[in-house]
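**Q** After the sequence you'll find the predicted model.
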Amino acid sequence: MVRRNLVGWAFLAPLVAYLLLCYGYPLLTTLDLSLRDYTVRTFVHGGAPVTGLANYITVFTDPVFRTAMLNTVVFTVVSLVFQYGIGLALAVFFSRHFRLSATLRALFLVPWLLPLIVSASTWAWMFTSEAGVVNAALSWFGVDGVNWLTSPDWSLVSVIVANIWIGIPFNLVVLYSGLRNIPAEVHEASALDGASSWQTFRHVTFPMLRPVSTVTLLLGLVYTLKVFDIIWIMTRGGPSGSSTTLATWSYELGFGSMLPRFGPSSAVGNVLILLAVAVGLVYVRVQRRQEAS
């Protein structure tokens, strides 16, 4: 019995070590940074004084916090809704077997496989005011050029569109797998009962897809909340903070100026982590209640 327990702990030890090293240590370091007044000198040599919650108070009272929080919520919610909606529609479309369906499905994975810096740079070029493809296409319909990346009204829309395009393949792959796992007998029974295609999808397919949808939305939520590179490459959070999110603001505080503010930057990062955990727990609880009812 003892030997079996030792073998079990031997297999578990690498995972525990990985979690502590790659997750536990960074979290504790970030928490320590947010509770001290770190400068470049104290960051290197140590000895930063403890300030308690002063960095969090500084962050919460900063006017940028409200804008960054609102932009983060809008960016996350809109991205998730469209990524999931379009991904589900494509998954249903590809679940009907037809010629070249596998090839087309593979092509939809291209945005997911490209490095984010390439995708963001490509979208930045497409949204360029003077020679962008988007404005060129809009001109065919008589629409004047839009300053997608330099207008406070459109910069957030631009990065949301790019993020939706990048996230659709993930939703497509996961939801398609979920649809394939639904027994064909269920749909056949629904058809025998006289249900239309829409009624079958609404009352049979979609409810049975709920567990997969939960995982898809939760993973999408965690990923979208921390999106930084797309926004930073396309707009750098501008103009005038119109596309600043908590992720880009945290980076800007810590590394975007000549005088880095490690404490407030870490505080913003911790707020982002707490936000992701809180929303995730609420979503899981709501899903469990719906399944139990």
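**A** That came in fine, so what should we check first? Numbers count the residues shown, from 1 in each chain.
**Q** Check the average confidence over the strand or helix carrying Val134, would you?
**A** Per DSSP states H and E, Val134 falls inside helix 133-139. For helix 133-139, mean pLDDT rounds to 85.
**Q** Figure out how far it is from the centre of its chain.
**A** 28 Å (Cα atoms, centre = their mean, to the nearest Å).
**Q** That helix: which residues count as buried?
**A** Across helix 133-139, burial judged by 16 or more other Cβ atoms under 10 Å covers Val134, Asn135. Using the backbone N, CA and C atoms, a C-beta is placed for each residue, glycine as well.
**Q** Repeat that for stretch 191-211.
**A** Of the residues in stretch 191-211, those buried (16+ other Cβ under 10 Å) are Ala195, Thr200, Phe201, Val204, Thr205, Leu209.
**Q** With distance to Val279, pLDDT and secondary structure as added columns, please give these in a markdown table.
**A** Below are the buried residues of stretch 191-211 laid out as a markdown table (distance: Cβ to Cβ, whole Å; pLDDT from 0 to 100; DSSP: H, G, I helix; E, B strand; the rest coil):
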| residue | distance to Val279 | pLDDT | secondary structure |
| --- | --- | --- | --- |
| Ala195 | 35 | 75 | coil |
| Thr200 | 32 | 79 | helix |
| Phe201 | 27 | 80 | helix |
| Val204 | 29 | 80 | helix |
| Thr205 | 26 | 82 | helix |
| Leu209 | 21 | 87 | coil |
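**Q** now, which of these sits nearest Trp125?
**A** Leu209 (36.7 Å; Cβ to Cβ).
**Q** Which residue, other than its chain neighbours, is closest to the closest one?
**A** Excluding the flanking residues, the one nearest Leu209 by Cβ to Cβ, 6 or more residues apart in numbering is Gly178, at 5.1 Å.
**Q** Equivalent analysis for Asp153, please.
**A** Nearest non-adjacent residue to Asp153, counting by Cβ to Cβ, 6+ apart: Ser242, 7.6 Å away.
**Q** That neighbour touches Thr150, doesn't it?
**A** No. The criterion here is Cβ atoms under 8 Å, and Ser242 misses it with Thr150 at 9.9 Å.
**Q** any low-confidence regions in the stretch 1-150 of the chain?
**A** Within the stretch 1-150 of the chain, the stretches with pLDDT under 70 are 1-2.
**Q** Try it again at 90.
**A** 1-54, 91-119, 128-150 (pLDDT under 90).
**Q** Helices along the stretch 51-200 of the chain, start to end?
**A** 54-61, 63-94, 101-107, 110-113, 116-126, 133-139, 155-180, 184-192, 197-200 (DSSP state H, counting those that start in this stretch).
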